[in-house]
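Trainee: Build me a model from this:
(chains A and B)
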2 protein chains.
Amino acid sequence: MKFYDCITAPSPRLVRIFIAEKDLEIQTQYVDLRNGEHLTPEFSKINPFCTVPVLETDDGTRLTSTQGCWRYLEEKFPEPPLLGTTASAKATIADLVWRIETDGFQAVGEGLRNLSPGLKDRALTGARNFSQIPQLGERGKERARTFLNQLDGMIGDKEFLTGDQFTAADIIMLVVVDFARWIKVTLPSKAPNADRWYQSVSSRRSTRL
Amino acid sequence: MKFYDCITAPSPRLVRIFIAEKDLEIQTQYVDLRNGEHLTPEFSKINPFCTVPVLETDDGTRLTSTQGCWRYLEEKFPEPPLLGTTASAKATIADLVWRIETDGFQAVGEGLRNLSPGLKDRALTGARNFSQIPQLGERGKERARTFLNQLDGMIGDKEFLTGDQFTAADIIMLVVVDFARWIKVTLPSKAPNADRWYQSVSSRRSTRL
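Mentor: Numbering: from 1, shown residues only, chains lettered A, B, ... in the order given. Okay, here's the model as predicted:
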């Protein structure tokens, strides 16, 4: 197996944390996104979508989405389970992960990519250039703020998002909270449940890598 | 179990086909999206996100995303498998489903919701209104066209997207091809593999419901 990572980017961090929670050692190649290494002809041969994460499995298959990477790792290395064990838990985690990706991760990404001067013409990830749409950036930022305002209620008095087990839902939520800082969106000042949860998950070894 | 559906909308169709492929009979309630039933106080008690599909499981959990509904049904009713059987197949299907949703389904949705006069202020699904962004609509339409142009190569000489088994990747791809007609985006004129695949999957009983 081989993992293509970039320490500064939120998407590969989703997979890096997952790998660390399972205590796996996987050969890792770092891709220098800041200097455009993902857009070179060499990297586009590895992943024509020009994105990380990429997980190359032992049979040579290259998985180019977090969902694909997570599913492979969960099936090959079931312990500790991060995508649930019962039908109900698996479905609830899948539901939450989708929601956090759509209403949180994508909102922050829209905010950043459509407003940041350094990302001109890079309004979407991938091989092609797309012009920024400032109105979409503002909408993303506002949606990200609304989403983070809901986190305190989502956590409630539970230890983790779905109960007393750390799961992939906590991984993507943590990454969204940290990613949102890039567009100056933070948890609201009074969010004691969210604060407690954040302290807990951000002090795990896996999330500090 | 109870399934909240709407015959005219693409998202619940993803779950309706999945249910039919597994030959399940699930109590179904139809939600009249055209007349705004999803935005009423009554329906928002069932799903505060004001969207369909919703799958209510026997323990009362309400799953409000296609990913959550699919996962629950696959785990409870494994036959026939639609999300893969081996680690490699499961991961490849998850990867493809994510790609088709992101580059296909979302692109068509952006095109439709940001350009259609009938969807003014409904640029996103959900409880809140958002203004249309015409530039995002045009970008969505262009991305949808690019995506459908790739389908012939994605199918190649295979029977289905991932080989000789019909999977959830075929379900979402079929729904994207049909959904794209709403914004007048169709398969290119010379796409024999895609045409053969489309004839095959669109003539299944599950996809004609």
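Trainee: Tell me, domain by domain, which residues of chain A belong where.
Mentor: Domains of chain A are assigned by automatic domain parsing as A:2-76, A:87-208.
Trainee: need the residues of chain A near chain B, please.
Mentor: A:49, A:57, A:59, A:61, A:63-72, A:75-76, A:86-88, A:90-92, A:94-99, A:102, A:130, A:133, A:135-136, A:139 (C-beta under 8 Å from any C-beta of the partner chain). Every residue, glycine included, has its C-beta placed from N, CA and C.
Trainee: what does the helix ranked longest in chain A rub up against?
Mentor: Looking across chain A with DSSP state H, the single longest helix is helix A:134-149. With contact meaning C-beta atoms under 8 Å, 6 or more residues apart in numbering or on different chains, helix A:134-149 is reached by A:103-104, A:106-115, A:123, A:176-177, A:180, A:183, A:185-188, A:194, B:130, B:133, B:135-136.
Trainee: Please spell out which residues along it are buried.
Mentor: A:136-137, A:139-141, A:143-145, A:147-148 (16 or more other C-beta atoms under 10 Å in any protein chain shown).
Trainee: Which other helices and strands does whichever helix or strand comes after it contact?
Mentor: With elements assigned by DSSP states H and E, the helix or strand that comes after helix A:134-149 is helix A:151-155. With contacts taken as 3 or more C-beta pairs under 8 Å, 6 or more residues apart in numbering or on different chains; DSSP states H and E, helix A:151-155 sits against helix A:192-202.
Trainee: what pLDDT, on average, does the helix or strand that comes right after the helix it packs on get?
Mentor: Where DSSP H and E defines the elements, the next helix or strand beyond helix A:192-202 is helix A:205-208. Helix A:205-208 comes out with an average pLDDT of 96.
Trainee: Go through helix A:205-208 and flag the buried ones.
Mentor: Applying 16+ other C-beta under 10 Å to helix A:205-208 flags A:206-207 as buried.
Trainee: Over to stretch A:156-176?
Mentor: A:160-162, A:165-176.
Trainee: again, but for stretch A:119-132
Mentor: Using 16+ other C-beta under 10 Å as the test for burial, stretch A:119-132 gives A:122-126, A:130, A:132.
Trainee: among those, which are in strands?
Mentor: Using DSSP state E, no member of the buried residues of stretch A:119-132 falls in strands.
Trainee: Between the residues you listed, which sits nearest residue A:16?
Mentor: Nearest to residue A:16 out of the buried residues of stretch A:119-132 is residue A:125 (C-beta to C-beta; 17.2 Å).
Trainee: Residue A:51 is in contact with that closest one, correct?
Mentor: Yes: using C-beta atoms under 8 Å, residue A:125 is in contact with residue A:51, at 5.1 Å.
Trainee: so where do the strands sit in chain A?
Mentor: A:2-5, A:27-30, A:54-56, A:62-63.
Trainee: list the helices and strands the last one packs on?
Mentor: Contacts defined by 3+ C-beta pairs under 8 Å, 6+ apart place strand A:62-63 against strand A:54-56, helix B:87-99.
Trainee: wait, isn't residue A:111 in contact with residue A:185?
Mentor: Yes: taking contacts as C-beta under 8 Å, residue A:111 lies within contact range of residue A:185: 7.4 Å.
Trainee: Next one: residue A:161 relative to chain B, how far apart?
Mentor: For residue A:161, the distance to chain B (C-beta to the nearest C-beta, to the nearest Å) stands at 14 Å.
Trainee: From residue B:68, how far off is the nearest residue to that residue once chain neighbours are set aside?
Mentor: Counting by C-beta to C-beta, 6 or more residues apart in numbering or on different chains, the nearest residue to residue A:161 once its immediate chain neighbours are dropped is residue A:169, at 4.4 Å. From residue A:169 across to residue B:68, the span is 11 Å (C-beta to C-beta, to the nearest Å).
Trainee: Pull up the overlap in contacts between residue A:125 and residue A:51.
Mentor: Shared contacts of residue A:125 and residue A:51, counting by C-beta under 8 Å, 6+ apart, come down to residue A:11.
Trainee: tally of neighbours for the closest residue to residue A:93 other than its chain neighbours?
Mentor: In this structure, residue A:93 finds its nearest non-sequential neighbour in residue A:84, 4.6 Å apart by C-beta to C-beta, 6+ apart. Applying other C-beta atoms under 10 Å in any protein chain shown, we find 21 residues neighbouring residue A:84.
Trainee: show me the contacts for residue A:18.
Mentor: A:69-70, A:73, A:82, A:168, A:171.
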